[in-house]
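J.: just coords:
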């Protein structure tokens, strides 16, 4: 398999952490991709022009991190990060959805901040960041969702928080004081070998 890959992408990191956790990372070849380049050939594998995209052994392509992670999980033998059934499955997928959504809103804020100052829309920034904070409030109020065996929801949240802290630490401020349960969990999760091996790097 080949993974269209960019080192700064938190969604790529989510896929890579998943592969490491289930023990199939060695089966994946990384293909460096500058998806910001309008001439990039990523559009041959994803019409949205985004990473990650996974080229399977038969040449077919999967795009979007939830789909790719679910496929990889199906290849993991006895190792899984997506529970096969029951309430644990729905809770893991729910946390994945919340974490991915939180990350998308944070990315929207970062993009807005990257515009020339006279082109920024503060209302959009405020609305998006409020969604980030509300989501962390939600998780903080129910820390049980962070307990138990490592699952896809925890992976998604760990990668989201890692990217936000790396790119937007000044906006987070003293976030471990505001969301102590989430902060304590994240510090432990970030110490996992799979997380250390995929720590964010500059684009």
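T.: Looks like it arrived, so ask away. All values reported here derive from a predicted model rather than from experimental measurement. Residues are numbered from 1 along each chain as shown.
J.: And residue 16, its phi and psi?
T.: Torsion angles at residue 16 (phi, psi; degrees, to the nearest 10) stand at phi -70, psi -40.
J.: Neighbours of it, how many?
T.: The local packing of residue 16 (other Cβ atoms under 10 Å) involves 24 other residues. Heads up, the C-betas are built off the backbone N, CA and C, glycines and all.
J.: What does the pLDDT read for it?
T.: Looking at residue 16, its pLDDT stands at 98.
J.: wait, isn't it in contact with residue 198?
T.: Yes: counting by Cβ atoms under 8 Å, residue 16 touches residue 198, with 5.0 Å between them.
J.: between the two, what contacts are shared?
T.: Residues within reach of residue 16 and of residue 198 at once, by Cβ atoms under 8 Å, 6 or more residues apart in numbering: there are none.
J.: Which residue ranges of this protein form strands?
T.: All strands of the chain, identified by DSSP state E, fall at 2-5, 29-32, 53-55, 61-63.
J.: Can you give the contact residues for the first one?
T.: Strand 2-5 has contacts (Cβ under 8 Å, 6+ apart) with 12, 15-16, 28-33, 35, 42, 45-46, 51-55.
J.: now the strands of the chain in JSON lines, with mean pLDDT, mean neighbour count and distance to residue 95?
T.: Below are these laid out as JSON lines (pLDDT from 0 to 100; neighbours: other Cβ atoms under 10 Å; distance: least, Cβ to Cβ, whole Å):
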{"stretch": "strand 2-5", "mean pLDDT": "95", "mean neighbour count": "21", "distance to residue 95": "23"}
{"stretch": "strand 29-32", "mean pLDDT": "94", "mean neighbour count": "12", "distance to residue 95": "26"}
{"stretch": "strand 53-55", "mean pLDDT": "97", "mean neighbour count": "23", "distance to residue 95": "22"}
{"stretch": "strand 61-63", "mean pLDDT": "97", "mean neighbour count": "17", "distance to residue 95": "21"}
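J.: With distance to residue 193 added, can I get those in JSON lines?
T.: As requested, the strands of the chain are exported to JSON lines (distance: least, Cβ to Cβ, whole Å):
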{"stretch": "strand 2-5", "distance to residue 193": "19"}
{"stretch": "strand 29-32", "distance to residue 193": "18"}
{"stretch": "strand 53-55", "distance to residue 193": "22"}
{"stretch": "strand 61-63", "distance to residue 193": "25"}
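J.: looking at those, which is closest to residue 98?
T.: strand 61-63 (21.0 Å; Cβ to Cβ).
J.: Partner strands of that closest one and their direction?
T.: Strands that pair with strand 61-63, judged by DSSP bridges, come out as strand 53-55 (antiparallel).
J.: chain center to the partner strand: distance?
T.: Computed by Cα atoms, centre = their mean, to the nearest Å, the chain-centroid distance of strand 53-55 equals 16 Å.
J.: Then stretch 99-108?
T.: The answer for stretch 99-108 is 9 Å, by Cα atoms, centre = their mean.
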